[in-house]
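S.K.: Dropping a prediction and its sequence here:
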Amino acid sequence: MASELASGATTTAVSPGDQRYFRTQDVVRALGLSRRQIQYWAKTGLVVPSARTPGGHHRYSFADLVALKAAKRLIDAGVSLQHIRRSVEALATHLPSVDRPLEELVIVANGDVLVVFDRGMVFETLTGQEWVFEVAQFRRELEVWNERHSKSARSVRSTSRARRGAAKQRSVG
């Protein structure tokens, strides 16, 4: 049986003994969040629990815990809750196939900028502006190019020396 939360997200009803889900008190202990934080995030739609018991108690899946931990890490890194919320909302526009960005994507805080890694792309969450290239990958490409270029340059130099040597011998002889 599914129910609608205030945010419009659908949850599944579960029996209290269902071991696939975590109780709120377990989430509080495991992640070091307060019950109030978790409830507020659920109410405002930042991280909505996947299930509810018949008595209305929230139950969190492993994926929900991933999202909660991601949100906590971003806050611990100095990103405001409002910025995280705006970024998650913007990601819904930029990546419509992603239902729950905090669970499904790798989001990195770099000061005030949140960056997302998705399928080989890197972009800023609010604007969707794609980063031009990955510096580490560019370095590897440049090293390969340099190695090839160095071999061909050595080959050209040795061929040139051999030709000059042969020309000298013809002019002398």
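M.R.: That came in fine, so what should we check first?
S.K.: mind checking how far stretch 55-69 is from the chain centre?
M.R.: Here stretch 55-69 is found 20 Å from its chain centre; the criterion is CA atoms, centre = their mean, to the nearest Å.
S.K.: ditto for stretch 69-79
M.R.: 13 Å.
S.K.: How about stretch 24-34?
M.R.: Mean-position distance between stretch 24-34 and its chain equals 23 Å (CA atoms, centre = their mean).
S.K.: neighbouring contacts of it?
M.R.: For stretch 24-34, the external contacting residues (CB atoms under 8 Å, 6 or more residues apart in numbering) are 22, 35, 38-39, 57-58, 60, 65, 68-69, 72. Any C-beta I mention is one placed from the backbone N, CA and C, and that applies to glycine too.
S.K.: For the buried ones among those, write the corresponding ChimeraX selection.
M.R.: To isolate the buried members of these in ChimeraX, using 16 or more other CB atoms under 10 Å:
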select :22,38,58,60,65,68,69,72
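S.K.: Which residues are in contact with the residue nearest the centre of the chain?
M.R.: The centroid of the chain falls nearest to residue 106 when counting by CA atoms, centre = their mean (1.3 Å). Residues counted as contacts of residue 106 (CB under 8 Å, 6+ apart) are 116-118.
S.K.: can I get the contacts of stretch 24-34 in TSV with distance to residue 99?
M.R.: Output for the contacts of stretch 24-34, formatted as TSV (distance: CB to CB, whole Å):
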residue	distance to residue 99
22	20
35	25
38	20
39	21
57	23
58	18
60	16
65	16
68	16
69	18
72	20
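S.K.: Would you map the helices across the protein?
M.R.: For the chain, the helices defined by DSSP state H cover 24-31, 35-43, 62-76, 81-94, 101-104, 135-172.
S.K.: what mean pLDDT does the shortest one have?
M.R.: In this model, helix 101-104 carries a mean pLDDT of 87.
S.K.: Likewise for the longest one?
M.R.: For helix 135-172, the mean per-residue pLDDT is 72.
S.K.: try the third one
M.R.: Looking at helix 62-76 alone, the average pLDDT works out to 91.
S.K.: what does the first one give?
M.R.: Mean pLDDT, helix 24-31: 94.
S.K.: Show me which residues of that helix are buried.
M.R.: For helix 24-31, using 16+ other CB under 10 Å, the buried residues are 24, 27-28, 31.
S.K.: got it, and stretch 44-63?
M.R.: 46-53, 58-61.
S.K.: Farthest-apart pair in those, please.
M.R.: Comparing all pairs in the buried residues of stretch 44-63 by CB to CB, the longest separation belongs to 46 and 53, at 21.4 Å.
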